[in-house]
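Colleague: could you look at this predicted model? Sequence included:
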Amino acid sequence: MNKYIKIAIAAVLILAGLYLMIFTRNLGWGIVVFLLASSPILLFFKNEYILLAFWQLRKQNMEKAGEWLSKITDYKGQLHKTQYGYFHYLLGLTQAQDHPAKVEPFMKKALEYGLNMKHDRAMATLNLAAAAISKGRKQEGQKLLEEAKRLDSAGMMTDQIKMMKDQLKMPTMQKHMHNPNMRNRGKFF
């Protein structure tokens with residue numbers, strides 16, 4: 001549902017509540033309708049599909065979270081500006097297990113649009129660091145890991161950061177595996 005339709009519904013409910021309270025003297029029903037008007041206003045700022053996706057993510061059900069996010073077809077038309085970042089963040093988290101290569105653009109967009117919570121920014125930065133390390137960009141990965149460590153003020157991701165730093169210290173074997181005969185080069189000459 002378009003975000004502006006929610007505001008129109010809230011306005012109609014507020015007018016109906018005012019009508020009930022002023023003209024018909026039904027204060028009780030007027031207050032009930034006023035309270036009902038708060039739900040579309042809340043859903044204007046916090047989209048119902050994103051709330052349901054967060055709930056499924058909390059239950060570790062990535063498939064259902066992805067289904068709820070897929071119902072958002074035009075994120076700029078359906079979401080408030082403050083939720084653009086969380087939409088891309090959730091898309092990245094739901095795709096992280098199945099398609100790790102697709103996570104990087106989603107997390108970059110999430111950080112670009114902005115995430116409110118510091119631990120969400122730390123998680124997005126940690127995912128970007130993992131993508132950089134897996135693609136062989138060690139310096140960028142190291143810088144992103146340091147930023148994730150700085151953002152993780154609660155210490156929830158210290159184990160993952162330590163594990164990724166240990167991965168950085170491991171030598172890459174790919175440089176020597178291109179031509180296996182290079183090791184025996186001295187024997188031929």
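Modeller: Perfect, I can see it now. Numbers count the residues shown, from 1 in each chain.

Colleague: pLDDT on stretch 76-96, on average?
Modeller: Per-residue pLDDT over stretch 76-96 has a mean of 91.

Colleague: endpoints of it, how far apart?
Modeller: One end of stretch 76-96 sits 23 Å from the other (Cα to Cα, to the nearest Å).

Colleague: buried stuff in that stretch?
Modeller: 78-79, 83-96 (16 or more other Cβ atoms under 10 Å). C-beta coordinates here come from the backbone N, C-alpha and C atoms, glycine included.

Colleague: packing partners of the helix or strand harbouring A8?
Modeller: Using DSSP states H and E, A8 sits in helix 3-22. Based on contacts counted as 3 or more Cβ pairs under 8 Å, 6 or more residues apart in numbering; DSSP states H and E, the elements that helix 3-22 packs against are helix 27-45.

Colleague: show me the contact partners of the helix it packs on.
Modeller: Residues outside helix 27-45 that contact it (Cβ atoms under 8 Å, 6 or more residues apart in numbering): 3, 6-7, 9-10, 13-14, 16-22, 80, 82-83.

Colleague: ok and that helix relative to helix 3-22, angle-wise?
Modeller: Helix 27-45 and helix 3-22 meet at an angle of 170 degrees, taking axes from the mean of the first three to the mean of the last three Cα atoms, to 10 degrees as the criterion.

Colleague: distance from helix 27-45 to the middle of the chain?
Modeller: Relative to its chain's centre, helix 27-45 lies at 29 Å (Cα atoms, centre = their mean, to the nearest Å).

Colleague: let's see that helix as CSV, backbone CA atoms only.
Modeller: This file holds the C-alpha atoms of helix 27-45, laid out as CSV (Å, rounded to 0.1, in the frame of the first residue of the first chain):
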residue,chain,number,x,y,z
LEU,A,27,-17.0,10.5,23.5
GLY,A,28,-16.2,6.8,24.0
TRP,A,29,-16.5,5.8,20.3
GLY,A,30,-14.8,9.0,19.3
ILE,A,31,-11.7,8.1,21.5
VAL,A,32,-11.7,4.6,20.1
VAL,A,33,-11.7,5.9,16.5
PHE,A,34,-8.9,8.4,17.4
LEU,A,35,-6.9,5.4,18.8
LEU,A,36,-7.6,3.5,15.6
ALA,A,37,-6.2,6.5,13.6
SER,A,38,-2.8,6.1,15.3
SER,A,39,-2.2,2.7,13.6
PRO,A,40,-2.0,4.1,10.0
ILE,A,41,0.2,6.9,11.2
LEU,A,42,2.5,4.4,12.9
LEU,A,43,2.5,2.3,9.7
PHE,A,44,3.5,5.3,7.7
PHE,A,45,6.8,5.6,9.5
